[in-house]
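Engineer: Quick one, structure for this:
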Amino acid sequence: LYAMERFLMDNPKWIGKVVLLQVASEGYRKGYKKSDEYNALLRQTHEIVGRINSKFGTLSSMPIHYLRKSISFKQLVAL
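Structural biologist: Model (predicted):
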C-alpha cells in the first residue's frame, strides 16, 4: 500500500490509469475471537486505503480496490 502511494506521488500522470487490487482473506477461523493485534492491523489497513483513495481517487476512479474476504484459488487466479 505504501509503495502504491509513493508511486502515485512520484508519478502523477498515472493517477486514474493504474489500480491496485488488494485481496485480504480472513486470517482467522470462524468462531474464534480476533486478537487485539489483528484488529489494530485491520484498522490501520483501512485507514491507509482510505487515505490513498481520498488523496488520489475521483468519483470515477479509485486507485485501490480493497477486498476483505476469503476467495477460492480459482477466483483469485481469475483476477
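Engineer: Now stretch 42-59: buried residues?
Structural biologist: For stretch 42-59, a neighbour-count test (16 or more other CB atoms under 10 Å) marks Ile48, Val49, Ile52, Asn53, Phe56, Gly57 as buried. In short, each C-beta sits where N, CA and C put it, glycine included.
Engineer: Would you mind confirming that Gln22 makes contact with His46?
Structural biologist: No: counting by CB atoms under 8 Å, Gln22 does not reach His46; the two are 11.2 Å apart.
Engineer: Find the residues that touch each one of those two.
Structural biologist: Common neighbours of Gln22 and His46, counting by CB atoms under 8 Å, 6 or more residues apart in numbering, are Tyr66.
Engineer: And the strands in the protein?
Structural biologist: For the chain, the strands defined by DSSP state E occupy 20-23, 64-67.
Engineer: So what are the sheet partners of the first one and their directions?
Structural biologist: Sheet partners assigned to strand 20-23 using DSSP bridges are listed as strand 64-67 (parallel).
Engineer: and the strand it pairs with, average pLDDT?
Structural biologist: For strand 64-67, mean pLDDT rounds to 94.
Engineer: Identify the residues contacting that strand?
Structural biologist: With CB under 8 Å, 6+ apart, strand 64-67 has contacts from 1, 4, 19-24, 45-46, 49, 52-53.
Engineer: picking that back up, so, if you compare the buried residues of stretch 42-59, which one comes nearest to Ile15?
Structural biologist: Taking CB to CB as the measure, Ile15 lies nearest Phe56 of the buried residues of stretch 42-59, at 5.2 Å.
Engineer: Who is the residue positioned nearest the centre of the chain paired with across the strands?
Structural biologist: By CA atoms, centre = their mean, the mean C-alpha position of the chain lies nearest to Tyr66, the distance being 3.5 Å. Legend: beta-bridge partners of Tyr66 under DSSP bridges are Gln22.
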